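> everything below, folded, please.
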Amino acid sequence: MLNRLALPALVAVLMAAGPAAAQMARTEARDAVKDGTAKAVPLSKADVQLSFAPVVKRAAPSVVNVYASHVEKSSSARSSAMEEFMRRFFGEPEGGRGPRGDRAQKSLGSGVLVDADGLVITNNHVIDNMNEVRIALADRREFEAAIVMRDTRTDLAVLKIKEPPKNLVPMPFGDADALEVGDFVMAIGNPFGVGQTVTQGIVSALARTQVGSADYQYFIQTDAAINPGNSGGALVDLRGQLVGINTAIYSQSGGSHGIGFAIPVGMVKAVVDAARDGASVVRRPWLGARIQSVTPDIADSMGLDHPTGVLVASLQAKSPADEAGLKRGDLILTVDGQEVADPEAFGYRFALKGVQGQARFGILRGTARQTVAVKLAPAPETRPRDVLKVKTRSPFLGATLVNTSPAVAEEMQVDFPADGVAVQAVDENSVAARVGLQRGDLIVAVNGVPMATTKDLDRVTRNSLNSWEVAINRNGEVLTSVFGG
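Numbering: from 1, shown residues only. Model prediction:
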């Protein structure tokens with residue numbers, strides 16, 4: 001088999017040898033490309049004039065527009081009359097109102113049909129806080145859809161057309177791991193609401209981890225134009241297969257600057273499979289170990305040519321990592337043969353493994369390379385969450401708090417002790433938000449009283465006090481503040 005990098009040079013040599021030899025080289029090069037064994041630069045004018053139209057015809061029917069809205073019903077005839085007065089004299093307010101004064105917030109994005117029964121994958125931020133969704137197919141037919149699953153950690157959501165027609169065309173899944181920098185890809189979606197649009201570019205980078213749009217930082221970067229409205233749309237390869245879901249852009253103006261990011265199809269498939277199985281949430285494996293990046297100094301001390309892998313910093317007793325025999329100081333280099341260069345890459349690879357069977361880690365312990373089998377299982381809910389929504393006047397007003405457990409820690413990606421109260425969410429513009437409470441904070445003590453459960457915190461906050469001394473653990477650092485009553 002000819003090496004693909006050597007093909008152009010070899011063709012040039014053979015052309016000097018004669019037309020027959022050159023023609024043979026062209027034929028071999030094209031045959032290599034056709035059977036998938038090699039990639040090559042164009043060798044003739046005919047090659048340059050090739051079109052992406054056949055790929056678009058194959059993929060475009062699977063890409064849909066997603067119209068989402070959140071409608072708040074008017075609570076009284078009086079408020080409806082006031083809203084009608086405001087509408088007539090001051091125009092329709094932002095977001096719009098229905099004919100009865102109902103307040104409506106709207107969102108527009110894209111999605112991809114992944115199942116002939118009407119399953120659609122899109123970005124969670126397209127339907128975030130929305131309660132009504134409509135799907136428009138490429139041929140402009142529209143259908144009502146239900147929200148089957150929201151996965152905020154990956155920024156993915158699964159929708160289901162309520163009454164799907166029989167002729168839906170799902171898009172087949174491709175292989176994002178087979179992508180290489182420089183491969184041609186196309187982005188299909190509905191930018192700015194102008195209608196279905198196709199843009200073409202190349203893969204600019206792989207495994208981008210500093211994007212900040214989801215918990216799992218592992219993205220395909222492309223220079224195919226992606227704009228507002230493209231979110232949830234398809235990134236496809238030249239076989240018309242789905243290799244990613246377009247999710248974010250780097251832009252200071254809101255328009256495309258040629259730096260777009262897509263969630264790899266491996267993560268997309270994991271979310272879709274969970275929805276097909278009837279799950280309401282995606283269950284991910286629990287490691288039970290804290291890992292950290294490898295710095296150049298650490299790499300040098302371990303005899304590595306460059307920083308790679310993730311270092312085991314600590315382990316929880318009786319966790320899968322502990323039971324597999326991992327030790328503090330072990331360097332995890334691969335997960336089932338796939339290299340992991342940093343904690344984000346490890347989190348992505350490990351999350352794809354599901355919660356059954358085992359994963360094999362390639363590790364470096366001292367100077368010896370070993371393979372360790374880690375059991376795949378979900379993080380256990382070792383005690384009830386006992387969700388507490390504080391409603392009385394206190395620094396916690398507007399916060400949602402839960403008892404800690406491995407399951408809670410895994411969801412929030414924070415190390416929590418066995419006993420404690422964690423901040424699960426903070427309402428915007430609430431008292432808790434104004435005093436600085438954040439998701440993932442651990443409430444250590446209130447007015448000197450240790451907080452082991454949400455019941456402890458509930459008892460404390462039932463009292464009206466003039467001042468509150470609150471100690472929280474944030475990322476391993478204990479902070480103590482005093483607030484007025």
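
> in this protein, which spans are helices?
Counting by DSSP state H, the chain has helices at residues 7-17, 19-34, 45-48, 53-59, 77-90, 124-127, 265-276, 296-301, 320-324, 343-351, 406-412, 431-435, 454-461.

> ranges for the strands of the stretch 251-400 of the chain?
Ranges of strands in the stretch 251-400 of the chain, per DSSP state E, counting those that start in this stretch, are 260-264, 289-293, 310-315, 331-335, 338-339, 358-365, 368-375, 388-389, 399-403.

> out of the ones you listed, which one sits most buried?
Stretch with highest mean neighbour count among the strands of the stretch 251-400 of the chain: strand 260-264 (a mean of 27; mean count of other CB atoms under 10 Å). (Each C-beta comes from the backbone N, C-alpha and C, glycine too.)

> distance from it to the middle of the chain?
Computed by CA atoms, centre = their mean, to the nearest Å, the chain-centroid distance of strand 260-264 equals 9 Å.

> let me have the strands of the stretch 251-400 of the chain in CSV, extended by mean pLDDT and distance to residue 137.
Supplementary listing: the strands of the stretch 251-400 of the chain in CSV, determined by pLDDT from 0 to 100; distance: least, CB to CB, whole Å:
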stretch, mean pLDDT, distance to residue 137
strand 260-264, 90, 22
strand 289-293, 91, 44
strand 310-315, 92, 43
strand 331-335, 95, 38
strand 338-339, 91, 36
strand 358-365, 95, 39
strand 368-375, 94, 43
strand 388-389, 93, 41
strand 399-403, 95, 38
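
> need the ones you listed in CSV (columns: distance to residue 194).
Converted to CSV, the strands of the stretch 251-400 of the chain look like this (distance: least, CB to CB, whole Å):
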stretch, distance to residue 194
strand 260-264, 17
strand 289-293, 42
strand 310-315, 43
strand 331-335, 42
strand 338-339, 39
strand 358-365, 44
strand 368-375, 48
strand 388-389, 42
strand 399-403, 40
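
> so for residue 42, which of those strands sits nearest?
strand 260-264 (25.3 Å; CB to CB).

> quick one: mean pLDDT for stretch 161-178?
Average pLDDT, stretch 161-178: 92.

> could you measure from residue 263 over to residue 393?
Look at residue 263 and residue 393: by CB to CB, to the nearest Å, they are 42 Å apart.

> so, low pLDDT: which residues of the stretch 351-485 of the chain?
Within the stretch 351-485 of the chain, the stretches with pLDDT under 70 are 485.

> so who does residue 455 touch?
By CB atoms under 8 Å, 6 or more residues apart in numbering, the contact set of residue 455 is residue 386.

> that one and residue 314: what is the separation?
29 Å.

> also residue 160?
Distance of residue 160 to residue 314, computed by CB to CB: 42 Å.

> looking at the helices of the chain, which has the lowest confidence?
helix 7-17 (a mean of 42).

> count of residues packed around residue 475?
11 (other CB atoms under 10 Å).

> got the contact list for it?
Going by CB under 8 Å, 6+ apart, the list of residues near residue 475 reads residue 414.

> what values do phi and psi take at it?
When read as degrees, to the nearest 10, the backbone of residue 475 gives phi 60, psi 40.

> please report how far it lies from residue 425.
Relative to residue 425, and taking CB to CB, residue 475 is found at 18 Å.

> same deal with residue 63?
Distance from residue 63 to residue 425, by CB to CB: 33 Å.

> neighbour-wise, which of the two wins?
Just comparing residue 63 and residue 425: by other CB under 10 Å the higher neighbour count belongs to residue 63, 28 against 15.

> that one touches residue 235, doesn't it?
No: the pair residue 63 / residue 235 is not scored as a contact, 10.6 Å apart, by CB atoms under 8 Å.

> need the pLDDT of residue 278.
Reading off the model, residue 278 has pLDDT 86.

> that one and residue 50, how far apart?
Note on residue 278: its distance to residue 50, by CB to CB, is 44 Å.

> swap in residue 142?
Counting by CB to CB, the gap from residue 142 to residue 50 is 35 Å.

> between the two, who's got more neighbours?
Neighbours per residue (other CB under 10 Å) separate residue 142 from residue 50, with residue 142 holding more: 13 against 9.

> I'd guessed the more buried one sits against residue 135; true?
Yes: Residue 142 is within contact range of residue 135, at 6.8 Å (criterion: CB under 8 Å).

> show me the contacts for the closest residue in space to residue 233 that isn't next to it in sequence.
Excluding its sequence neighbours, the residue lying closest to residue 233 (CB to CB, 6 or more residues apart in numbering) is residue 189, at 2.6 Å. Residue 189 makes contact with 63, 109-110, 196-197, 226, 229-234, 246, according to CB under 8 Å, 6+ apart.

> the residue lying closest to residue 367 once chain neighbours are set aside: how many residues sit nearby?
Closest residue in space to residue 367, ignoring its immediate chain neighbours: residue 303 at 6.8 Å, by CB to CB, 6+ apart. Residues near residue 303, counting by other CB under 10 Å, number 9.

> distance check, the closest residue in space to residue 348 that isn't next to it in sequence against residue 436.
Excluding the flanking residues, the one nearest residue 348 by CB to CB, 6+ apart is residue 218, at 3.7 Å. Distance of residue 218 to residue 436, computed by CB to CB: 30 Å.

> pick out whichever of the two has more residues nearby.
Neighbour count, other CB under 10 Å: between residue 218 and residue 436, residue 218 has more, with 25 against 15.

> what is the burial count for residue 307?
Applying other CB under 10 Å, we find 16 residues neighbouring residue 307.

> who's in contact with it?
Counting by CB under 8 Å, 6+ apart, residue 307 has contacts 293, 294, 295, 296, 298, 299, 341.

> again, but for residue 335
Taking CB under 8 Å, 6+ apart as the criterion, residue 335 is in contact with 346, 349, 350, 353, 359, 360, 361, 362.

> any idea how many residues pack against the residue lying closest to residue 274 once chain neighbours are set aside?
Leaving aside its chain neighbours, residue 274 sits nearest to residue 282 (4.6 Å; criterion: CB to CB, 6+ apart). By other CB under 10 Å, 22 other residues sit near residue 282.

> equivalent analysis for the one 5 residues further on, please.
Other residues near residue 287 number 27, with proximity taken as other CB under 10 Å.

> could you do residue 247 as well?
Around residue 247 there are 28 other residues, counting by other CB under 10 Å.

> do the same with residue 249
21.

> who's in contact with residue 454?
385, 386, 387, 388, 401, 402, 403, 421.

> next one: residue 237
With CB under 8 Å, 6+ apart, residue 237 has these contacts: 174, 179, 183, 184, 185, 243.

> one more: residue 425?
Per CB under 8 Å, 6+ apart, neighbours of residue 425: 399, 400, 439.

> rerun at 7 Å
400, 439 (CB atoms under 7 Å, 6 or more residues apart in numbering).
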